[in-house]
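Enquirer: Build me a model from this:
(chains A and B)
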Amino acid sequence: NAGVTQTPKFQVLKTGQSMTLQCAQDMNHNSMYWYRQDPGMGLRLIYYSASEGTTDKGEVPNGYNVSRLNKREFSLRLESAAPSQTSVYFCASSEAPELGEQYFGPGTRLTVT
Amino acid sequence: AQRVTQPEKLLSVFKGAPVELKCNYSYSGSPELFWYVQYSRQRLQLLLRHISRESIKGFTADLNKGETSFHLKKPFAQEEDSAMYYCAPGGYQKVTFGTGTKLQVIP
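Expert: Okay, the predicted model is just below:
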């Protein structure tokens, strides 16, 4: 039982390049989330998916797109990376929002130069 | 929107001293609140939830509806408690975490 996994762990991009961050969970959770973590800003929600086939914007969605490929996988895409997107990205999942607890992946450290 | 506020970005205490990490919430009703912890370069993990009223690693948190607070407390800080601590509301799909407090325990 791996929990929530993310790839890659580290990535360096040049401004304007694109990439996809991958996330998978093996806990059969319905809800999945993407956050970014920046010093002094805490965790900010980018997008979430309440269930397979649905996605919705969070607090800071601009510059990102997501795909809920199936119940297990939720990917985050940067179409044209900008230095402001330098951050640590965390994926999380939860069984149901009313139960509250989220399980987090190990994070992806992204640098955009 | 259901929001929580963590007023301190950094809290430094000496080993053995009491710790109190503050969290205030700003919504009505019966909130569900959680504390998460993130040790250096590790993933966030749940520390405790108010509904269970449990003590994990010596930490407790009591929901105070009068003061709309859910402060995290520990009577005697240990060096291994040094970490980032996040307060978060539960029960909602769109969760807004607090900005976090970095706890630094000085040996």
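
Enquirer: okay, CA-based contacts and neighbour counts for the rest of this
Expert: Fine.

Enquirer: list the contacts for B:Phe34?
Expert: A:Glu101, B:Leu46, B:Leu47, B:Leu48, B:Arg49, B:His50, B:Cys87, B:Ala88, B:Pro89, B:Gly90 (Cα atoms under 8 Å, 6 or more residues apart in numbering or on different chains).

Enquirer: OK, contacts around B:Leu48?
Expert: B:Phe34, B:Trp35, B:Tyr36, B:Glu54, B:Ser55, B:Ile56, B:Thr60, B:Ala61.

Enquirer: Bridge partners for it, pull those for me.
Expert: With DSSP bridges as the criterion, B:Leu48 is bridged to B:Trp35.

Enquirer: Residue numbers of chain A in contact with chain B?
Expert: A:40-45, A:48, A:50, A:58, A:97-107 (Cα under 8 Å from any Cα of the partner chain).

Enquirer: Might you report the residue contacts of residue 69?
Expert: Defaulting to chain A. By Cα under 8 Å, 6+ apart, the neighbours of A:Leu69 are A:Glu52, A:Gly53, A:Ser75.

Enquirer: My question was about chain B, not that one.
Expert: B:Lys22, B:Cys23, B:Asn24, B:Tyr25, B:Leu63.

Enquirer: Find the nearest non-adjacent residue to A:Thr113, please.
Expert: A:Lys14 (5.0 Å; Cα to Cα, 6 or more residues apart in numbering or on different chains).

Enquirer: if I look at that neighbour, how far off is chain B?
Expert: 24 Å (Cα to the nearest Cα, to the nearest Å).

Enquirer: And the pLDDT for that residue?
Expert: At A:Lys14, the predicted lDDT confidence score is 97.

Enquirer: and if you look at the one 5 residues further on?
Expert: The predicted structure scores A:Met19 at 96 on the pLDDT scale.

Enquirer: wait, isn't it in contact with A:Arg77?
Expert: Yes - counting by Cα atoms under 8 Å, A:Met19 does reach A:Arg77; the two are 5.8 Å apart.

Enquirer: Looking at the two, which is more packed in?
Expert: Each of A:Met19 and A:Arg77 has its neighbours counted (other Cα atoms under 10 Å in any protein chain shown); A:Arg77 has more, 16 against 13.

Enquirer: follow-up on the earlier one: ok, of the contacts of B:Leu48, which come out buried?
Expert: B:Phe34, B:Trp35, B:Tyr36, B:Thr60, B:Ala61 (16 or more other Cα atoms under 10 Å in any protein chain shown).

Enquirer: want to try JSON lines for those residues, with distance to B:Lys102 and pLDDT as columns?
Expert: Shown next, in JSON lines, are the buried ones among the contacts of B:Leu48 (distance: Cα to Cα, whole Å; pLDDT from 0 to 100):
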{"residue": "B:Phe34", "distance to B:Lys102": "16", "pLDDT": "89"}
{"residue": "B:Trp35", "distance to B:Lys102": "13", "pLDDT": "92"}
{"residue": "B:Tyr36", "distance to B:Lys102": "12", "pLDDT": "94"}
{"residue": "B:Thr60", "distance to B:Lys102": "17", "pLDDT": "91"}
{"residue": "B:Ala61", "distance to B:Lys102": "17", "pLDDT": "90"}
